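# Structure here, sequence nowhere to be found:
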């Protein structure tokens, strides 16, 4: 890497500490920061357990007599002690044959399921990457004709769902106005302020005269809104508690993050989940009170449709029971994970400092972190170390694809395709400031992250890093995001010993295309609150070899402009080199004068010959066909 570089610590294998060293581990306890194993394990034959869609959990788990479920194989490892320290002389493989494996409850792995003595427990798609898929949905059957090309089927009242899939892809909750394209969020309506005294309200929304049909039934309706008026920063998705058509007024079940009329105008929004809106093919409506699903098939023929409703929000939950008892030395190789659910309502963070109800040294961080109800992903990691996720194919998620929550280090996510995602691609969220530097030294490499934020356009990011440092991020493509490509955050008003937990990140060979498509006051590459406490701003993070395509928002977006690189509320101490940016509506680069910039194309003398275009983005070894990326 040219210029000043930041080299994260190497990934360390995990092993058991000796009692002679004064650190005795009991059971499956783990002490973070343990020493790596010095010697590589000798060659050996892994223990193989097989799982197949036509298997039987009463079987032997062999190649010719496989189990039916992943949990049965996991329990076999536990019950037989196949990963017990002193007994595990080689890796243990759980080999999933090709096919779809329904998951109606999150598959949990904890510290009991760890590899030991330098070996791993590997859950893998044995017939090739993406061939074995864990599906978080079930088919909807029993359709009957309703009217105007709409069909309906009974669904359980006690299993509500908030997104839907047909033919392996997400379909649209019936909305008004109708979307203008399947992969765009616009068009929107704009909220109205009937009198100035209501400017600060978070639970009342008024429509402009003539925007609504007074005959609409909104009794089970929802709203997705860029709250904050012209602040296009976050979206809220919230149920309608009550409505008054004579006043053109909605009352929300929960308050939005920002006021609905603020900063020069109203907020963009659309209405959804009313049978009155179900007028386009590929739209659905859920009557959650009486247990009916209404759907208008994409090609008009319900017999050809493969409609599936999600039944879980998380498919794989990898979690140690505490930071001292971590899950470790586990690998997921080549698995597909698909079709999970969205939360019943969504808002990013609490509205005010201290709203979490938990005492923290820096309560302002309540506003900068997901609420506990929304801290999940299709795959979630908590209290882990030395976990590998490689050659994964994660698609059609209701929310974030991979969520690393608080204490996770030396995790490697590599060679994977993540596409059509409800929220972020990968989110790494460390703890509150001052509560432990425990999210660090992770690797994210050779990843294609496509169509992020389909259900949460506000704050969507291909890769979101928060209060985490010393990570290596390289050979990444992020395509099609309403907001960010890659973002790195802390809080500017808080630090620990003059630093946040966000130092030591090395980011290189990145391609960000079609970002900022529906938001403003942003950058395709974005940082927030990383300013160094010292005046000299030593280099602690590095960004090198980056191509950013056009960052052009929808015409309805009222906020300030879009940028290629935006170092917001700080963002100091960076070595930024060899970055090229396409069209923007503001500046290609916006930051304080506290970074070292070399060969950015917003400066005179940019030298394109220093760009290593052939190395930017995913490598030739990427195991999946790459989604098509178009540029204006």
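Thanks, I have it. Note that the structure is a prediction, hence the values are computed from the model and not measured.

# pLDDT below threshold where in the stretch 501-632 of the chain?
By pLDDT under 70, the weakly predicted segments of the stretch 501-632 of the chain are 532-534, 632.

# all strands of it, in order?
For the stretch 501-632 of the chain, the strands defined by DSSP state E, counting those that start in this stretch cover 506-513, 522-528, 541-548, 562-568, 574-581, 589-590, 596-600.

# Now render those strands as JSON lines, adding mean neighbour count and distance to residue 246.
Bear in mind the C-beta positions are built from the backbone N, C-alpha and C, glycine included. Shown next, in JSON lines, are these (neighbours: other Cβ atoms under 10 Å; distance: least, Cβ to Cβ, whole Å):
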{"stretch": "strand 506-513", "mean neighbour count": "24", "distance to residue 246": "47"}
{"stretch": "strand 522-528", "mean neighbour count": "28", "distance to residue 246": "39"}
{"stretch": "strand 541-548", "mean neighbour count": "24", "distance to residue 246": "49"}
{"stretch": "strand 562-568", "mean neighbour count": "27", "distance to residue 246": "40"}
{"stretch": "strand 574-581", "mean neighbour count": "24", "distance to residue 246": "50"}
{"stretch": "strand 589-590", "mean neighbour count": "20", "distance to residue 246": "46"}
{"stretch": "strand 596-600", "mean neighbour count": "18", "distance to residue 246": "56"}
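
# Please name whichever of these is nearest to residue 456.
strand 522-528 (14.7 Å; Cβ to Cβ).

# Please state the offset of that closest one from the chain centre?
16 Å (Cα atoms, centre = their mean, to the nearest Å).

# packing partners for that strand?
Packed against strand 522-528, as judged by 3 or more Cβ pairs under 8 Å, 6 or more residues apart in numbering; DSSP states H and E, are the following elements: strand 484-489, strand 506-513, strand 541-548, strand 562-568.

# Just want the angle from it to strand 541-548.
On the basis of axes from the mean of the first three to the mean of the last three Cα atoms, to 10 degrees, strand 522-528 is oriented at 170 degrees to strand 541-548.

# got the contact list for strand 522-528?
233, 461, 483-490, 492, 510, 512, 515-516, 543, 546, 548-549, 551, 562-571, 574, 581, 590 (Cβ atoms under 8 Å, 6 or more residues apart in numbering).

# Neighbouring strands of it in the sheet, and parallel or not?
strand 484-489 (parallel), strand 562-568 (parallel) (DSSP bridges).

# Throw those into CSV and include distance to residue 523, thanks.
Shown next, in CSV, are the strands paired with strand 522-528 (distance: least, Cβ to Cβ, whole Å):
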stretch, distance to residue 523
strand 484-489, 7
strand 562-568, 3
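
# mind checking which of these is nearest residue 341?
For residue 341, the closest of the strands paired with strand 522-528 is strand 484-489, at 23.6 Å, according to Cβ to Cβ.

# what's the spacing between that closest one and its chain's center?
How far strand 484-489 lies from its chain's middle: 12 Å, per Cα atoms, centre = their mean.

# Same question for stretch 180-197.
Centre-to-centre, stretch 180-197 and its host chain are 25 Å apart (Cα atoms, centre = their mean).

# Next, the buried residues of that stretch.
185-186, 188-193 (16 or more other Cβ atoms under 10 Å).

# now for the worst-scoring helix or strand of the chain on mean pLDDT, which elements pack on it?
Across the helices and strands of the chain, mean pLDDT, DSSP states H and E gives its lowest value to strand 261-262, namely a mean of 89. Helices and strands touching strand 261-262, by 3+ Cβ pairs under 8 Å, 6+ apart: there are none.

# who touches it?
By Cβ under 8 Å, 6+ apart, the residues outside strand 261-262 that reach it are 191-193, 198-201, 227-231, 267.

# returning to that earlier point: same list (the helices and strands packed on strand 522-528) but as JSON lines, adding distance to residue 595.
Compiled in JSON lines, the helices and strands packed on strand 522-528 are given as follows (distance: least, Cβ to Cβ, whole Å):
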{"stretch": "strand 484-489", "distance to residue 595": "13"}
{"stretch": "strand 506-513", "distance to residue 595": "13"}
{"stretch": "strand 541-548", "distance to residue 595": "9"}
{"stretch": "strand 562-568", "distance to residue 595": "7"}
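
# Which pLDDT value does the model give the residue nearest to residue 150 when sequence neighbours are not counted?
Leaving out its chain neighbours, the residue that sits closest to residue 150 by Cβ to Cβ, 6 or more residues apart in numbering is residue 296, at 4.9 Å. Looking at residue 296, its pLDDT is 98.

# Look up phi and psi at residue 296.
As for residue 296, its main-chain torsions (degrees, to the nearest 10) stand at phi -110, psi 110.

# can you pull the contacts of it?
Counting by Cβ under 8 Å, 6+ apart, residue 296 makes contact with 148-151, 278-284.

# Just the helices from the stretch 301-450 of the chain, written as ranges.
For the stretch 301-450 of the chain, applying DSSP state H, counting those that start in this stretch gives no helices.

# mind listing the strands for it?
Using DSSP E, counting those that start in this stretch, the strands of the stretch 301-450 of the chain run over 307-310, 316-319, 327-333, 336-338, 379-390, 393-397, 402-409, 412-421, 426-429, 439-440, 443-452.

# By neighbour count, which bits of stretch 429-439 are buried? Give me those.
Applying 16+ other Cβ under 10 Å to stretch 429-439 flags 429-433, 435-439 as buried.

# Between all of the residues you listed, which two are separated the most?
429 and 437, at 13.6 Å, using Cβ to Cβ across those.

# isn't residue 494 right up against residue 366?
No: Residue 494 is beyond contact range of residue 366, at 12.0 Å (criterion: Cβ atoms under 8 Å).

# coming back round to it: any chance of the strands of the stretch 501-632 of the chain in TSV, with distance to residue 385 too?
As requested, those are arranged in TSV below (distance: least, Cβ to Cβ, whole Å):
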stretch	distance to residue 385
strand 506-513	20
strand 522-528	26
strand 541-548	23
strand 562-568	31
strand 574-581	28
strand 589-590	36
strand 596-600	33
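
# pLDDT below threshold where in the chain?
For the chain (pLDDT under 70), the answer is 1-42, 493, 495-499, 532-534, 632.

# Please enumerate the strands of the stretch 151-300 of the chain.
Under DSSP E, counting those that start in this stretch, the stretch 151-300 of the chain gives strands at 164-166, 169-173, 175-176, 189-192, 204-207, 222-225, 236-244, 249-252, 261-262, 265-266, 268-272, 283-287, 292-296.

# okay if I get those as CSV plus distance to residue 312?
Shown next, in CSV, are those (distance: least, Cβ to Cβ, whole Å):
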stretch, distance to residue 312
strand 164-166, 13
strand 169-173, 16
strand 175-176, 25
strand 189-192, 33
strand 204-207, 32
strand 222-225, 21
strand 236-244, 19
strand 249-252, 27
strand 261-262, 37
strand 265-266, 37
strand 268-272, 22
strand 283-287, 17
strand 292-296, 18
